[in-house]
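S.K.: could you work out the structure for the sequence below:
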Amino acid sequence: MFFPYTQAAMLLVEHGIDLYQIDRVVTKFGMPMGPFRLADLVGFGAGIATAMQFIENFPERTYKSMIIPLMQEDKRAGETSRKGFYLYDDKRKASADPELKNYIEKARSISGVSIDPKFVKLSEKDIIEMVFFPVVNEACRVFAEGIAVKAADLDIASVMGMGFPPYRGGIMFWADSYGSKYIYSRMDEWSRMYGEFFNPCAFLAERAAKGSPLSAPVEQAKSRL
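M.R.: From the prediction side, this is the model:
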């Protein structure tokens, strides 16, 4: 359920938000590091392999950015090559790379995306919502399909597997602080403006229509895990 996290961040960058701003805002939110610093740490090879699986199996739920493939062409692989979204010195200390804008501009030209003035002015709250609401949407699919029995299971998975800040209670607990109607309305608005990556799933739409919490139990016998 975590794959939309980095893809949402890529979408924001291609539409005009500074990627280092995204990392700062997400870290301030409570994550151990932002999506781009994490991509460097994990390495681009693993990221591309995972992304290809989702593009092949769930094309309508993915955002296909060319930023990382373009960087790979220039032998950038993340922290291991000392060049990724950041530059790394001998002590692995990360610093911003002014050359990165060249890859972003080329990726925009390939995708046919132009800078959206509204994105440049996004608040920190908007950035957090656009990065994490797609994760909530995917968590709803996981819950609805019976892969997890309880929303609390997804909360634990988000904290232990994604690094979601524990003091926010987990992805579903945090989502319910906004409410299903609000999250659905935002996702629906973004999907009409920026494409099907933001399409709210049927479960989210149903919960929003009823005004029900996303964490309310689903009628199912047992987990598929």
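
S.K.: OK, contacts around residue 1?
M.R.: If a contact means Cβ atoms under 8 Å, 6 or more residues apart in numbering, then residue 1 has 135, 138-139, 141-142, 154, 157-158, 171 as its contacts. C-betas here are computed from N, CA, C, even on glycine.

S.K.: with secondary structure and neighbour count as extra columns, can I get those in a markdown table?
M.R.: Output for the contacts of residue 1, formatted as a markdown table (DSSP: H, G, I helix; E, B strand; the rest coil; neighbours: other Cβ atoms under 10 Å):
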| residue | secondary structure | neighbour count |
| --- | --- | --- |
| 135 | helix | 23 |
| 138 | helix | 21 |
| 139 | helix | 30 |
| 141 | helix | 16 |
| 142 | helix | 18 |
| 154 | helix | 29 |
| 157 | helix | 19 |
| 158 | helix | 27 |
| 171 | helix | 27 |
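
S.K.: so what touches the lowest-mean-pLDDT helix or strand in the chain?
M.R.: Across the helices and strands of the chain, mean confidence by mean pLDDT, DSSP states H and E is lowest for helix 44-57: a mean of 79. Applying Cβ under 8 Å, 6+ apart, the contact partners of helix 44-57 are 3, 6-7, 39, 61-62, 64, 68-69, 71-72, 76-78, 84.

S.K.: would you mark the buried spots in that helix?
M.R.: 44, 47, 51, 54-55 (16 or more other Cβ atoms under 10 Å).

S.K.: pick the one among these closest to residue 31.
M.R.: residue 47 (16.7 Å; Cβ to Cβ).

S.K.: quick check: the gap between residue 53 and residue 195.
M.R.: In this structure, residue 53 and residue 195 are 20 Å apart, going by Cβ to Cβ, to the nearest Å.

S.K.: residue 126 now?
M.R.: For residue 126 relative to residue 195 (Cβ to Cβ), the value is 17 Å.
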